[in-house]
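> quick one, fold the following:
(one chain, ligands or ions: 1)
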Amino acid sequence: MEPTSESLLDVRHLSKTFPLKKSKTNKASSFKAVDDVSFQVFKGETLGIVGESGSGKSTVAKMILQLLEPTSGEIYFLGQNLANQSKAESKATKRRMQAVFQDPYASLNPRMRAKEIVTEPLILHKQLNKKKRDDKALELLHEVGLSEQHLNRFPHEFSGGQRQRLSIARAIALKPDLIICDEAVSALDVSIQAQILKLLKSLQTSYGLSYIFIAHGLPTVKQLSNRVAIMHKGKIVEIGETNDIFQSPKHTYTKSLLKAVPPSHPRDRHKPSIGG
Ligand SMILES: Nc1ncnc2c1ncn2[C@@H]1O[C@H](COP(=O)(O)OP(=O)(O)OP(=O)(O)O)[C@@H](O)[C@H]1O
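Numbers count the residues shown, from 1 in each chain. Here you go, the predicted structure:
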């Protein structure tokens with residue numbers, strides 16, 4: 001079956017096996033981190049991917065971002081198989097797909113000022129001459145709720161939430177079609193999480209973005225996701241509309257994830273829960 005025209009991303013039977021070091025018996029073995037995963041992401045939608053630590057979420061993200069080579073399976077972006085792209089096509093795809101990770105410290109160059117961080121992708125992709133950099137940097141900072149006073153600051157001079165805003169400004173600089181948010185709000189306080197989710201939502205509307213929003217817990221993805229995929233031990237065990245997943249989960253693992261949702265009513269908060 002060919003990818004449908006309206007699907008931005010079409011992931012088919014994707015698997016990733018990592019070799020494991022030789023054991024004492026000298027037998028080399030391997031570990032299947034991602035096992036026959038298929039899903040689509042449509043234009044303008046958010047697909048949430050939820051699963052416990054080690055379920056394979058980041059490995060899927062890295063394969064889509066072409067940071068890891070799949071062991072088998074295909075990834076189509078705008079109808080093109082990533083494995084068959086020319087160098088120029090691959091560069092264009094990388095421009096149209098961006099990522100925001102959990103730890104901006106790891107992804108932001110500590111020696112670069114905010115204005116350089118947010119405009120670097122434009123300079124790399126030859127879409128901005130250096131003279132216009134400050135104007136563009138300010139425009140991008142404004143888009144994410146930062147201001148002129150932040151232009152010359154280094155990453156360590158920002159709060160966690162502000163640093164994540166900076167990562168988002170960098171991600172939208174090239175006007176991508178898809179942003180993969182891999183645990184992008186997981187390290188933040190709940191109130192800051194809510195602000196970042198609100199920002200992502202508003203950018204989605206203004207830029208017509210699609211998101212893959214990866215998190216450990218269902219509550220984090222609920223607000224933003226149109227659909228949710230549940231990953232367990234490398235497989236997608238259930239995928240569906242967000243409301244259906246929350247109201248009538250089919251898989252036992254999804255049910256157990258839902259049971260881990262902290263009760264929203266204060267009356268119920270004394271009951272044990274493991275949170276999301
Ligand atoms: N480069 C690698 N070499 C060997 N094993 C790896 C490698 N990268 C990931 N793994 C293993 O693959 C499995 C899936 O990892 P992955 O990071 O995709 O999970 P995750 O669901 O994103 O977890 P987390 O939420 O903790 O980031 C884990 O068991 C991990 O140890």
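
> okay, Ile179: pLDDT?
The pLDDT attached to Ile179 in the predicted structure is 97.

> so is it in a helix, a strand, or just coil?
Judged by DSSP: H, G, I helix; E, B strand; the rest coil, the three-state class of Ile179 is strand.

> buried ones in the least confident helix or strand in the chain by mean pLDDT, by neighbour count?
Least confident helix or strand of the chain, by mean pLDDT, DSSP states H and E, is helix 104-107 with a mean of 74. By neighbour count with 16 or more other CB atoms under 10 Å, helix 104-107 contains the buried residues Pro104, Ser107. In short, each C-beta sits where N, CA and C put it, glycine included.

> quick one: list the elements packing against it.
Applying 3 or more CB pairs under 8 Å, 6 or more residues apart in numbering; DSSP states H and E, one finds that helix 104-107 makes contact with helix 160-172.

> how far off centre is the least confident helix or strand of the chain?
Centroid separation between helix 104-107 and its chain, computed with CA atoms, centre = their mean, to the nearest Å, is 14 Å.

> kindly export that helix (C-alpha atoms) in PDB.
Extracted in PDB, the C-alpha atoms of helix 104-107 (Å, rounded to 0.1, in the frame of the first residue of the first chain):
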ATOM      1  CA  PRO A 104      18.200  21.300  26.800                       C
ATOM      2  CA  TYR A 105      21.600  21.400  28.500                       C
ATOM      3  CA  ALA A 106      22.600  18.400  26.400                       C
ATOM      4  CA  SER A 107      21.200  19.800  23.100                       C
END
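
> ok, and what's touching that helix?
Here helix 104-107 makes contact (CB atoms under 8 Å, 6 or more residues apart in numbering) with Phe101, Pro155, Gly160, Arg163, Gln164, Leu166, Ser167.

> pull the number of nearby residues for the first one.
Spelled out, that is Phe101. Residues contacting Phe101 under the criterion other CB atoms under 10 Å number 21.

> quickly find the element holding the residue lying closest to Ile64 once chain neighbours are set aside.
Closest residue in space to Ile64, ignoring its immediate chain neighbours: Ile75 at 5.8 Å, by CB to CB, 6 or more residues apart in numbering. For Ile75, the host element (DSSP states H and E) is strand 72-77.

> OK, contacts around Arg153?
By CB under 8 Å, 6+ apart, Arg153 lies in contact with Arg113, Ala114.
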